[in-house]
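Peer 1: Build the 3D model from these lines:
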Amino acid sequence: MKTISKSLLILTLLAAAGPTHACSPSRDDWMGRDKAAHFGASFALGVAGSRLTREPWEAVGLALIPGVAKELYDAGQDCNRFSWRDMGWNVAGAVLGVGGGYWMFGPSGVSWHTPF
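Peer 2: Here you go, the predicted structure:
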């Protein structure tokens, strides 16, 4: 898994350092329209990742793979770029999703309960 994490980091840095295009300046606000989608998808993938492994950072890495792939795809498109703000929302969603997955499901199924 360390090899995958290192490869993702290297690809991310290479994509971010790519050439800039002569397009109109893009607006990438922290609270842009697509940020909720990045957070929500990464949150769901984080919960799923928490069910696949007991290692939290491994689960976060698994949850981030689709987000990194999408940003690498965006970086290759004309008049588009790799968005670190999108990745910030991806990381937030993945970390909270993994934490929530471990809290809700635990190692042996549902781990929370409501006392009466």
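
Peer 1: low pLDDT regions in this structure?
Peer 2: Along the chain, the model assigns pLDDT under 70 to residues 1-26, 107-116.

Peer 1: how does it look with 90?
Peer 2: Counting by pLDDT under 90, the chain contains low-confidence residues at 1-35, 54, 74-83, 103-116.

Peer 1: Can you report how many residues lie near Gly99?
Peer 2: If you count neighbours by other C-beta atoms under 10 Å, Gly99 ends up with 16. C-betas here are computed from N, CA, C, even on glycine.

Peer 1: before we move on, what about Lys35?
Peer 2: Lys35 has 20 neighbours, counted by other C-beta under 10 Å.

Peer 1: That one is in contact with Asp86, isn't it?
Peer 2: Yes. When contacts are counted by C-beta atoms under 8 Å, Lys35 is listed as touching Asp86 (7.1 Å).

Peer 1: Need the overlap of contacts for these two.
Peer 2: The contact sets of Lys35 and Asp86 do not overlap (C-beta atoms under 8 Å, 6 or more residues apart in numbering).

Peer 1: need the helices for this structure, in chain order.
Peer 2: Here the chain has its helices, by DSSP state H, at 2-16, 35-52, 56-75, 84-105.

Peer 1: Switch those helices over to a markdown table; also include distance to Asp29.
Peer 2: Below are the helices of the chain laid out as a markdown table (distance: least, C-beta to C-beta, whole Å):
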| stretch | distance to Asp29 |
| --- | --- |
| helix 2-16 | 18 |
| helix 35-52 | 8 |
| helix 56-75 | 16 |
| helix 84-105 | 8 |
